[in-house]
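Participant: kindly generate the corresponding structure for this input.
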Amino acid sequence: MTKKRFREGNGDERRIQLVHSKRETAATTTVKITKKQHETLRQIAVDSGETMQTVLGRALESYRRQRILQIGNDAYLAMRNDPEQWREELAERVEWDATLADGLEEDR
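Facilitator: This is a model prediction of the structure:
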């Protein structure tokens, strides 16, 4: 069970207090966000018919996945820009291409 509490903060920020309870244990986390961020979160929740918690969870998961892809892209670009590492990559690809000629027929 999760309860959400909203408290006005100083100036332009709000606090979202999430209370998580699983059986006998409960943990509370408070995150500061701006009023504009809170309103955006609330509006998305209203528009989607989901809770703000669900919307926030989906947004975090999407951002996590985006970061994984960006880290991989950055690493690939760094390898591509290093001539020695790029030669090694191309040589390894040639070795792996040999597995395509394993003598097995393609499934049709």
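Participant: if I look at residue 95, how far off is residue 89?
Facilitator: Using C-beta to C-beta, to the nearest Å, one gets 11 Å for the distance from residue 95 to residue 89. Every C-beta, even on glycine, is put in place using the N, C-alpha and C of the backbone.
Participant: okay, strands next: where are they in the chain?
Facilitator: 2-8, 13-22, 25-34 (DSSP state E).
Participant: what residues sit buried inside the last one?
Facilitator: Buried positions in strand 25-34, judged by neighbour count with 16 or more other C-beta atoms under 10 Å: residue 33.
Participant: so what strands line up beside it?
Facilitator: strand 13-22 (antiparallel) (DSSP bridges).
Participant: worst mean pLDDT among the strands of the chain?
Facilitator: Lowest mean pLDDT of the strands of the chain: strand 2-8, a mean of 54.
Participant: tell me where this protein has helices.
Facilitator: Counting by DSSP state H, the chain has helices at residues 35-48, 52-80, 83-97.
Participant: and the second one, what's its mean pLDDT?
Facilitator: In this model, helix 52-80 has an average pLDDT of 96.
Participant: ok, now the last one?
Facilitator: Mean per-residue pLDDT for helix 83-97: 93.
Participant: quick one: work out the angle between that helix and helix 52-80.
Facilitator: Inter-element angle recorded for helix 83-97 and helix 52-80: 100 degrees (by axes from the mean of the first three to the mean of the last three C-alpha atoms, to 10 degrees).
Participant: same check, this time on the first one
Facilitator: On the basis of the same axes, to 10 degrees, helix 35-48 is oriented at 110 degrees to helix 52-80.
Participant: contacting residues for the residue lying closest to residue 85 once chain neighbours are set aside?
Facilitator: Spatial nearest neighbour of residue 85, chain neighbours left out: residue 79 (4.6 Å); criterion: C-beta to C-beta, 6 or more residues apart in numbering. By C-beta atoms under 8 Å, 6 or more residues apart in numbering, the residues touching residue 79 are 85, 86, 89.
Participant: brilliant, that's me finished.
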